[in-house]
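[1] coords please:
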Amino acid sequence: MIKRVVYLFSLLAVMVLAGCSTGSPNGPAQASKGEILELAADIRALGSDVDPEEAYRAAEIAHLYTHQLSQQYQITDGPLIHNMKVNMGNRPRGLCYHWAEDIEARLKQENFQTLDLHRAIANAENPFRLEHSTAIISRRGDTMFKGMVLDPWRKGGVLHWDTVEKDTKYNWVPRDKVMLRKRELRLSRERGERSRASG
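    Alright, predicted model coming up:
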């Protein structure tokens with residue numbers, strides 16, 4: 001834990017010295033029609049049975065809702081600076097898991113028939129990297145590993161997408177699996193503390 005805190009403070013110092021704020025005072029720009037069409041084509045490519053209308057609707061919502069959330073979250077900086085502002089209480093939301101749960105919830109409202117939604121977490125057991133959450137869209141019936149990452153956090157309110165397979169910056173693990181592991185570790189620690197207290 002101490003190593004992680006030292007790493008994070010070092011990272012913060014480097015960011016401040018480098019002036020790494022990548023945002024703008026008005027927040028990120030809204031996606032172009034071309035970006036929406038590009039994502040729609042990538043979602044269609046997940047499988048021949050993906051409905052083109054659903055792929056387009058998912059792409060349009062993912063982009064437009066990302067922009068809407070960036071305004072609600074008051075994004076004016078890069079993701080790490082914004083995280084600091086959220087953690088200090090200066091911004092309402094905008095941590096990676098906020099983006100992931102809000103994007104997933106909005107897309108689920110569409111009740112897609114040919115697409116599924118998933119959640120994933122990376123770096124949960126790496127003390128030298130920040131844990132990161134994302135939403136993933138896939139062809140109906142496929143696992144998240146055959147899906148498309150929808151990640152507005154990493155570019156500070158601009159939607160990043162790529163297939164899970166090609167998104168090598170992160171080693172994505174199903175969120176349920178990560179949460180189960182965290183629960184098991186917490187229970188194990190609690191048992192150890194009780195054992196030490198009674199011994």
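
[2] quick one: Glu131 from Ser188, how far?
    Using CB to CB, to the nearest Å, Glu131 is found at 19 Å from Ser188. Using the backbone N, CA and C atoms, a C-beta is placed for each residue, glycine as well.

[3] for Cys96, that is, sorry about that
    In terms of CB to CB, Cys96 sits 26 Å off from Ser188.

[4] neighbour-wise, which of the two wins?
    Higher neighbour count among Cys96 and Ser188: Cys96, with 20 against 10, using other CB atoms under 10 Å.

[5] next one: phi and psi at the closest residue to the more buried one other than its chain neighbours?
    Among residues not flanking Cys96 along the chain, Trp153 sits closest, at 4.1 Å (CB to CB, 6 or more residues apart in numbering). Backbone geometry at Trp153, expressed as degrees, to the nearest 10, gives phi -70, psi -50.

[6] ditto for Met148
    Dihedral angles of Met148 (phi, psi; degrees, to the nearest 10) stand at phi -120, psi 120.

[7] Test my guess that it contacts Ser138.
    Yes: using CB atoms under 8 Å, Met148 makes contact with Ser138 at a distance of 7.0 Å.

[8] wait, isn't Ala40 in contact with Ala59?
    Yes: between Ala40 and Ala59 there is a contact under CB under 8 Å: 3.8 Å.

[9] Looking at the two, which one has more neighbours?
    Ala59 (26 against 22).
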